[in-house]
Structures are given as structure tokens and as C-alpha cells.
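S.K.: just to be clear, the model below is a prediction. Sequence and coordinates:
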Amino acid sequence: MLTETCPQHWTPYGTRCFQFVSTARTWAESESHCVAMGGNLASVHSIAEYSFIQELIRKRTQGAPRTWIGGYDAAQEGLWFWSDGSRFDYTNWAPGQPDNAGGEHCVEMNFPGTVITIQIIFLLQYKS
């Protein structure tokens, strides 16, 4: 388990470090920011990881704001990938999700079913 190899202000989980970024950006801008920092938007592979990420967001925001994570299907409609190159194997989404509502080709957490905005906050990860 990773504990002491994450930089200050990053949160370890498994073999990855996570940082919540409260600056609103588009998905592409968010991913570019993550890549510049040596990582990618967060990928999710289990209910435990999803719960960890939700709790991290809650702790940083005292709520559950819409948050970009690394899923996208821009290359082929309905064929989802994680921006970090890992297998898109998480299946415990809300019914019918992800669904490309509003023409989005990316995944966000905590979507309340309201009108889609272009810029939202995001969660950055990197492998140590």
C-alpha cells in the first residue's frame, strides 16, 4: 500500500495518489492539467475506489459537486476508456450510465440531472 510516497496535499489510495482540484475547467482542460502534473483524471475500478473518491470530494468540498473523472468515449460512441489507459471495467454506475447525455463524451461524478455545464471541478490522480 502507498502511504508515504504521495506529495503534500495529495491523498494516497492503493498505488495511486489523488488531488482534488477546485478550479472549474472543461474535461479536456482538466485532463491536460493532470497530464502536465504527471497524472490523469481519476479512473475507477471498484465500488471501494468509487466510495473513496466520493468521500475525498465530500471532505474537500463539504458536499457532492459535479466532478470530472477520466472516462471518455470520444474515439467511438459508446466505447468507453479511462484517460490513464487502464481498462474501463467499473460497472456500478447509475442505471443507463454513462449515456452521452447532451453530447458529452466524458464521465463526471455527482451529476444531479440538471442542465449540463461546460466547466466543472476535477479529480487528478497519478501512480507513484
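M.R.: Alright, I've got the coordinates.

S.K.: and the pLDDT for Phe111?
M.R.: With respect to pLDDT, Phe111 has a value of 58.

S.K.: let me see the contact set for Thr11.
M.R.: Shown in contact with Thr11 (Cβ atoms under 8 Å, 6 or more residues apart in numbering): Cys17, Phe18, Gln19, Leu56. C-beta coordinates here come from the backbone N, C-alpha and C atoms, glycine included.

S.K.: how about TSV for the residues you listed, with neighbour count and pLDDT added?
M.R.: Output for these, formatted as TSV (neighbours: other Cβ atoms under 10 Å; pLDDT from 0 to 100):
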residue	neighbour count	pLDDT
Cys17	21	92
Phe18	21	92
Gln19	20	91
Leu56	18	90
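
S.K.: buried residues, the lengthiest helix in the chain. List them.
M.R.: The helix that spans the most residues within the chain, counting by DSSP state H, is helix 47-61. The neighbour-count criterion (16 or more other Cβ atoms under 10 Å) identifies Glu49, Tyr50, Phe52, Ile53, Leu56, Ile57, Arg60 as the buried residues of helix 47-61.
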